[in-house]
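Enquirer: With the input below, show me the fold.
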Amino acid sequence: MRETLEKIDRVLGAVDKTLMVILASSATILAFVNVVARYVFNASIVWAGELTTYLFIWMTLFGASYGFEVDMHMSFNALVKALPAKLCKAVTILSRLIVLFFLVMLAYLGVQLVKFDYMTGQVSIDLQIPFWIIYLVVPITMITATWRVFVKIVDIILTPASELKKMGIDAELEEKEKEGLIE
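Expert: Numbers count the residues shown, from 1 in each chain. So this is what the prediction gives:
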């Protein structure tokens, strides 16, 4: 079971990393082309600013989701690691459950936002793209982030308390860096 969860997690990580690179590159190139067009040719691309904004927002949300895979989000590990092993494990699970609940709520609210925008039929000003398509990134990334936190909770539950206490964020980051998940 653990191997299957990790395999799915690796695939999601590869998708997130690929999308982050594509979105960031596209936004940067588009912004650059628009600046050149504006200052060299005295004619800007009307929709470039709006699309660049959406691309960076999408990249950020996919990056936030990926951050849960590599444990890059803020945490208070030093304080938790100072607790006795079993209490350390319980507090770690509790904190991850709180994050999981929060992400589930964000995913649910994201779905509601997409439904609302679909029903209203609103479109973006310059691109004329329906807002429900633009906002679809919210439930997608919150669902993938929820999955990642779920996998971490399963991993914590399956890890003995004494082992969990020894594991530090630095050790986890070094391991992810060796695996090529972060650079």
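
Enquirer: CA atoms for contacts and neighbours, from now on please.
Expert: Fine.

Enquirer: what's the straight distance from one end of stretch 43-54 to the other?
Expert: This stretch, stretch 43-54, spans 22 Å end to end (C-alpha to C-alpha, to the nearest Å).

Enquirer: Give the buried residues for stretch 40-50.
Expert: Across stretch 40-50, burial judged by 16 or more other C-alpha atoms under 10 Å covers 44, 48-49.

Enquirer: From the residues you listed, which land in helices?
Expert: If you go by DSSP state H, the buried residues of stretch 40-50 have 48-49 in helices.

Enquirer: Can you add pLDDT and distance to Arg38 and give the buried residues of stretch 40-50 back as CSV?
Expert: Output for those, formatted as CSV (pLDDT from 0 to 100; distance: C-alpha to C-alpha, whole Å):
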residue, pLDDT, distance to Arg38
Ser44, 87, 4
Ala48, 93, 11
Gly49, 91, 12
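
Enquirer: Tabulate the buried residues of stretch 40-50 in JSON lines, adding columns for distance to Gly67.
Expert: As requested, the buried residues of stretch 40-50 are arranged in JSON lines below (distance: C-alpha to C-alpha, whole Å):
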{"residue": "Ser44", "distance to Gly67": "35"}
{"residue": "Ala48", "distance to Gly67": "28"}
{"residue": "Gly49", "distance to Gly67": "27"}
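
Enquirer: distance of Ile93 from Asp126?
Expert: Taking C-alpha to C-alpha, one finds Ile93 at 45 Å from Asp126.

Enquirer: can you dump the C-alpha coordinates of the helix or strand containing Ile153 into PDB?
Expert: Following DSSP states H and E, one finds Ile153 within helix 137-158. Provided in PDB are the C-alpha atoms of helix 137-158 (Å, rounded to 0.1, in the frame of the first residue of the first chain):
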ATOM      1  CA  VAL A 137      -6.900  25.600 -10.600                       C
ATOM      2  CA  VAL A 138      -8.200  26.100  -7.000                       C
ATOM      3  CA  PRO A 139     -10.000  22.700  -6.500                       C
ATOM      4  CA  ILE A 140      -7.400  20.900  -8.600                       C
ATOM      5  CA  THR A 141      -4.400  22.000  -6.600                       C
ATOM      6  CA  MET A 142      -6.200  21.700  -3.200                       C
ATOM      7  CA  ILE A 143      -7.200  18.200  -4.000                       C
ATOM      8  CA  THR A 144      -3.700  17.300  -5.000                       C
ATOM      9  CA  ALA A 145      -2.400  19.000  -1.800                       C
ATOM     10  CA  THR A 146      -5.000  17.100   0.200                       C
ATOM     11  CA  TRP A 147      -3.800  13.800  -1.300                       C
ATOM     12  CA  ARG A 148      -0.200  14.700  -0.400                       C
ATOM     13  CA  VAL A 149      -1.100  15.500   3.200                       C
ATOM     14  CA  PHE A 150      -3.100  12.200   3.400                       C
ATOM     15  CA  VAL A 151       0.000  10.300   2.200                       C
ATOM     16  CA  LYS A 152       2.100  12.000   4.800                       C
ATOM     17  CA  ILE A 153      -0.400  11.100   7.500                       C
ATOM     18  CA  VAL A 154      -0.300   7.400   6.400                       C
ATOM     19  CA  ASP A 155       3.500   7.600   6.400                       C
ATOM     20  CA  ILE A 156       3.600   9.100   9.900                       C
ATOM     21  CA  ILE A 157       1.100   6.400  11.200                       C
ATOM     22  CA  LEU A 158       3.200   3.600   9.800                       C
END
